[in-house]
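# Sequence unavailable; structure follows:
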């Protein structure tokens, strides 16, 4: 019973945060996935399409469409990878950087307001528990990859 509550409760929190971020993005003419791409580029600068996909945890098929739409609206541009000319990198344009730099602080304020229900110690504990889960998951993946290689 408690495991179901954890699953449902966690899902509801993420869904609520995503809904609020979607609302903020819409006020600036962006979709939630477009915001995620722009935010990733703001923090990482240039990235390949694959790196963007991995960073925002999206599926293979949707990222090129999102990037194409952002490119059409002059929010991002593709540039040749100086180390591998077969690849291209995606980077923010000045227009894209200006927009995401307006949206991120507003979105961060929303997070702060939502998370104000927890004390600083509770947030620290939540971060610790999430890291523990990620460590467990990474260990499972590593064991599975080892098993796959040995078969």
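Received the coordinates, thanks. Nothing here was measured: the structure is a model prediction, and the numbers come from that model.
# Buried residues of stretch 58-74, list them for me.
Under the neighbour-count criterion of 16 or more other Cβ atoms under 10 Å, stretch 58-74 has 58, 63, 66, 67, 69, 70 buried. From N, CA and C alone the C-beta is placed, and that goes for glycine too.
# what's the closest of those residues to residue 10?
Residue 10 lies nearest to residue 58 out of the buried residues of stretch 58-74, by Cβ to Cβ, at 19.5 Å.
# you'd agree the closest one is up against residue 36?
Yes - using Cβ atoms under 8 Å, residue 58 is in contact with residue 36, at 7.4 Å.
# For the most centrally placed residue in the chain, which non-adjacent residue is closest in space?
With distances taken as Cα atoms, centre = their mean, the residue of the chain nearest its centroid is residue 56 (3.3 Å). Excluding the flanking residues, the one nearest residue 56 by Cβ to Cβ, 6 or more residues apart in numbering is residue 36, at 4.3 Å.
# Pretty sure that neighbour sits in a helix.
Yes - judged by DSSP: H, G, I helix; E, B strand; the rest coil, residue 36 forms part of a helix.
# wait, it sits on residue 63?
No - Residue 36 is beyond contact range of residue 63, at 9.8 Å (criterion: Cβ under 8 Å).
# shared neighbours of these two, anything?
Common neighbours of residue 36 and residue 63 are listed as residue 56 (criterion: Cβ atoms under 8 Å, 6 or more residues apart in numbering).
# Please name every helix or strand in contact with the lengthiest helix in the chain.
Counting residues, the longest helix found in the chain (DSSP state H) is helix 120-150. Where contact means 3 or more Cβ pairs under 8 Å, 6 or more residues apart in numbering; DSSP states H and E, helix 120-150 is not packed against any helix or strand.
# Rounded mean pLDDT for it, please.
Helix 120-150 carries an average pLDDT of 87.
# and it, how far out from the chain's middle?
Distance of helix 120-150 from its chain centroid, counting by Cα atoms, centre = their mean, to the nearest Å, is 18 Å.
# which residues in this protein form strands?
Secondary structure of the chain (DSSP state E): strands at 76-80, 88-92.
# which residues are contacting the last one?
Yep, that's strand 88-92 we're talking about. Applying Cβ under 8 Å, 6+ apart, the contact partners of strand 88-92 are 37-38, 41-42, 45-49, 52, 67, 75-81, 100.
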